[in-house]
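>>> Okay, structure incoming, though there's no sequence with it:
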């Protein structure tokens, strides 16, 4: 029973880490000539907030946008900007309004242009990723009606494989290798201990049987 529970635990553990790896890979898209575009280079992770904040509005208004590639973020005001891909800041209401989530995105790449489309009940957002090999990024947004928005990001990281993502923490693949190594060591050590205990138990049982047999035989001789 304990072995079955241990095997089930291993399966659950491995499944969890595979999901983490898949989560990262969902932000990497194939583009022209086998090149890849990694959206992680266009975002901040670990709750640092959006990489592109206070994006100017092309309309004559003080309202602004925020957007973060790959990783969700939240705004700490009175709005509903939580676990977001993009939000719209309403100056009049002084709060951020959710307009897109990371898990509701479609990627398209055509003739050198990369486009992200977010569609949900919060609105329709299109993000144009414009490749520009310059040191500084730029961004501008626009609200077309009450639920339709566009954001243009110009960055070197919008160019396929121009930027490479390197997290400061240990990568999920490294963590998975460590976990598998630990599990294998524990599994082998547990198996060795189990075999030794079983062998010792079997030997003790055999000795008890032999002693019992000799005692019974002596009793039979004495009765004769």
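Perfect, thanks for sending it. Computed from a predicted structure; not experimentally measured.
>>> Quick check: nearest residue in space to residue 40, chain neighbours excluded?
Spatially, and ignoring its direct neighbours in sequence, residue 40 is nearest to residue 165 (4.1 Å; CB to CB, 6 or more residues apart in numbering). Placement of C-beta: from N, CA and C, glycine included.
>>> Might you list the low-confidence residue ranges for this protein?
The model of the chain has pLDDT under 70 over residues 1-25, 168-176, 194-195, 197-224.
>>> So which residues of it form helices?
2-25, 172-223 (DSSP state H).
>>> so the residue nearest to residue 40 makes contact with residue 44?
No: applying CB atoms under 8 Å, one finds residue 165 not in contact with residue 44, separated by 11.3 Å.
>>> dump the residue contacts of the residue lying closest to residue 101 once chain neighbours are set aside.
Once flanking residues are discounted, residue 101 sits nearest to residue 85: 5.5 Å by CB to CB, 6+ apart. Residues near residue 85 by CB atoms under 8 Å, 6 or more residues apart in numbering: 67-68, 72, 100-102, 104-105, 118, 125.
>>> Selecting buried members of those residues in ChimeraX, what would you type?
Remark: buried members of those, expressed as a ChimeraX selection using 16 or more other CB atoms under 10 Å:
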select :67,68,72,100,101,102,105,118,125
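>>> Just list the residues touching residue 89, thanks.
Contact analysis of residue 89 by CB under 8 Å, 6+ apart lists 54, 63-66, 75, 79, 95-97.
>>> May I ask which of these has the most neighbours?
residue 65 (27 neighbours; other CB atoms under 10 Å).
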